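Chemist: only geometry, no sequence info:
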């Protein structure tokens, strides 16, 4: 899917994801996910893995938004999701708006949205993993 995006558009999307402002948000979100979901006996939280998996496998950004909303609405574990869900949905809305600014044709916007979301989730989960690693370092 991503390969059908124009190389200039891919470069513009990557430049957007690499902006200091975006990287700051990714760091904050990764730390927030770690604070809420922690790690299960040293393993990555199932909730974080599920978020990463849905973004990687989704065909549309709305699939990811629906996943977050669904998690927030469940009876079990919803409190954790409710504490981070609004921030995640805000990030995803920002991605939607950025893609809409960058691409004029709807099919291209759809592909660009998911491309940006995949970059977002890689960075956020990477920061989650960093905070997990920091917590696992033995303190002398």
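Modeler: Nice, I can see it. Just so it is clear, the structure is predicted and the values come from calculations on it, not from any experiment. Residues are numbered from 1 along each chain as shown.
Chemist: return the list of helices and strands in contact with the longest helix belonging to the chain.
Modeler: Of all segments of type helix in the chain, defined using DSSP state H, the longest is helix 106-136. If you count contacts as 3 or more Cβ pairs under 8 Å, 6 or more residues apart in numbering; DSSP states H and E, helix 106-136 packs onto helix 7-17, helix 20-37, strand 43-44, helix 46-57, helix 61-73, helix 78-102. Just so you know, the C-beta spots here come from the backbone N, C-alpha and C atoms, and that holds for glycine as well.
Chemist: who touches stretch 102-111?
Modeler: With contact meaning Cβ atoms under 8 Å, 6 or more residues apart in numbering, stretch 102-111 is reached by 1-2, 4-6, 9, 12-13, 16, 60-61, 99-100, 112.
Chemist: start to end distance for that stretch?
Modeler: Chord length of stretch 102-111, first to last residue, is 12 Å (Cα to Cα, to the nearest Å).
Chemist: same check on stretch 12-24?
Modeler: Where stretch 12-24 begins and where it ends lie 19 Å apart, using Cα to Cα.
Chemist: over to residue 59. Which of the three states is it?
Modeler: coil (DSSP: H, G, I helix; E, B strand; the rest coil).
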